[in-house]
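>>> Give me a 3D structure for the following:
(chains A, B, C and D)
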There are 2 protein chains.
Amino acid sequence: MTVLVVDDEELIRDVIREYLENEKYEVLEASDGEEAIQITSKKKVDLMILDIMMPKKDGYTTLKEIRKDKNIPVIMLSARKEEYDKLLGFDLGIDDYLTKPFSPRELLARVKAVLRRNREIEIYQVGDFCLDFKGHLLKIEGKEVKLTPKEYELLIYFIQNEHIALSREQLLNQVWGYDFYGDDRTIDTHIKMLRNNLGKYRDWIVTVRGMGYKFESDEKVSS
Amino acid sequence: MTVLVVDDEELIRDVIREYLENEKYEVLEASDGEEAIQITSKKKVDLMILDIMMPKKDGYTTLKEIRKDKNIPVIMLSARKEEYDKLLGFDLGIDDYLTKPFSPRELLARVKAVLRRNREIEIYQVGDFCLDFKGHLLKIEGKEVKLTPKEYELLIYFIQNEHIALSREQLLNQVWGYDFYGDDRTIDTHIKMLRNNLGKYRDWIVTVRGMGYKFESDEKVSS
DNA sequence: TATTTTTATGAATATTGCGTGAAAAAAGGA
DNA sequence: TCCTTTTTTCACGCAATATTCATAAAAATA
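Here you go, the predicted structure:
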């Protein structure tokens, strides 16, 4: 689970990072709204902790922009309690709210609560790459990309094991099943076809020479 | 769907109204228990959002009186978490519970969940496609389309699981029942007939090769 | 550089899964 | 009961997909 912390104060970010990492969350940081928008467009973020008062671009504006094409859960931070009413009026669907100074413990509790609440959502979205697990639907740049069953299963297995290098044997066992006694090279062909279908995201499937393949969505996107 | 919001704070009512109306719910307001009782006796209310702490007549008492002759689903609001235990003691069959300050998003999620749980009448209408769940009546371009019982059940199950790919096994279990031990391909035949009956909407039943089928109406899919 | 090892690709072939129609079986109605 | 409607089975043909394999390309090694 990846949490993006957006706050202009480095101290705050550091404290939150420490607590979250202690609980095995991956933490990304942004010091302003622009940076936050950049990061969410490139990386998979499961939850955003967003400060309202920031220089350049405030929390509202930032959230509004991100929400245009992403539905990332968000916990808002603010220095003043009175902001809450304003926040409620703001029609952006925030998930929770905390006033500074807050206890890290409480933040953690809320992070967990929000993620628990959203666990049933099964959509993998990074940039304009959008995979709907339940719908068996992959969209890239808003257009449906047709995958064959094997390509689909393969892709899902990769995504579920992001950043982990997988051997051909492992892929055969997990995706094809233990009762498959075919050629190792079958994988290569499917990788080829999957890459073709991923278009500009073809490099997200990385060859690990002598080992197998791995999936990595934060690679630089070639267009 | 009509939701009655009962709270003495106008600000809270306004905020809830805004969120609910945004999701196409009809919203009624009451500022105290008496008014709530009046409204429920006169209008059709599908769900009540009821604050516990109110002047004159509190939430408990109000609910107790309304429940004497109506079984409207209710979500309770309270300022303090501790109230929850007290609430449990009252055997009034509340459907859900939220403490202030709550996230609007969570409220919306719970409203939807409660209504989903309690839905009785349901009409699914997109373009000139109109299915009345209860009346077992399908109209396309204003003309009634005759479906066999199995076709109805199948279609309803599809609509209730729109955008989700369903395997043949799942369809057999859910529509035919777990005690059906027939051929998988029975599904195919029913799909064929259903598609024929759907006429120009036949493509709303999408084949997910190697997996099963899913229902997808033409309306824009938000990603 | 030449050599070896590993991966990518294209094409040929094998296999699987779906749509269909027809017919048998079961359920309903008069 | 008989007749009609609905449900289920099934097999054929076609199209989509999976697999294999030969060869090209790329990367590592010396």
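>>> any idea which helix or strand comes after the helix or strand of chain A with the lowest mean pLDDT?
Within chain A, judged by mean pLDDT, DSSP states H and E, the helix or strand with the poorest mean is helix A:83-89; its value is a mean of 54. Next helix or strand after helix A:83-89 toward the C-terminus (DSSP states H and E): strand A:96-99.
>>> list the buried ones in the helix or strand just after that next one?
Sequence-wise, the next helix or strand downstream of strand A:96-99 (DSSP H and E) is helix A:104-117. Residues A:Leu107, A:Leu108, A:Arg110, A:Val111, A:Val114, A:Leu115, A:Arg117 are the ones in helix A:104-117 that count as buried (16 or more other C-beta atoms under 10 Å in any protein chain shown). C-betas here are computed from N, CA, C, even on glycine.
>>> if we take those, which one ends up nearest to DNA strand D?
Comparing these against DNA strand D with C-beta to the nearest atom of the strand places A:Leu115 closest, at 33.2 Å.
>>> That closest one reaches A:Leu20, doesn't it?
No: using C-beta atoms under 8 Å, A:Leu115 makes no contact with A:Leu20, being 11.1 Å away.
>>> What is the host helix or strand of A:Val206 packed up against?
Under the criterion of DSSP H and E, A:Val206 resides in strand A:205-208. If you count contacts as 3 or more C-beta pairs under 8 Å, 6 or more residues apart in numbering or on different chains; DSSP states H and E, strand A:205-208 packs onto helix A:185-198, strand A:212-215.
>>> Deepest-packed of these, please.
Of all those, strand A:212-215 carries the top mean neighbour count, a mean of 20, counting by mean count of other C-beta atoms under 10 Å in any protein chain shown.
>>> For it, enumerate the helices and strands it packs against.
Partner elements for strand A:212-215 (3+ C-beta pairs under 8 Å, 6+ apart): helix A:149-160, strand A:166-167, helix A:168-171, helix A:185-198, strand A:205-208.
>>> Walk me through the domains of chain A.
Recorded structural domains for chain A (assignment: automatic domain parsing) are A:2-117, A:123-215.
>>> can you tell me the average pLDDT over stretch A:130-138?
Averaged across stretch A:130-138, pLDDT comes to 92.
>>> cool, stretch A:13-33 as well?
92.
>>> ok, and for that stretch, which residues are buried?
A:13, A:16-17, A:19-20, A:25, A:27-33.
>>> Would you check which pair of the residues you listed lies furthest apart?
Largest separation among the buried residues of stretch A:13-33 by C-beta to C-beta: A:Tyr19 and A:Gly33, giving 22.9 Å.
>>> Tabulate the helices and strands packed on strand A:205-208 (CSV), appending distance to A:Arg168.
What follows is those, written out as CSV (distance: least, C-beta to C-beta, whole Å):
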stretch, distance to A:Arg168
helix A:185-198, 5
strand A:212-215, 5
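>>> Check which helix or strand the residue lying farthest from the centre of chain A maps to.
No residue in chain A sits farther from the centre than A:Tyr181, which is 35.2 Å out by C-alpha atoms, centre = their mean. Using DSSP H and E, A:Tyr181 maps to neither a helix nor a strand.
>>> now it: how far from DNA strand D?
A:Tyr181 is 7 Å from DNA strand D, where distance means C-beta to the nearest atom of the strand, to the nearest Å.
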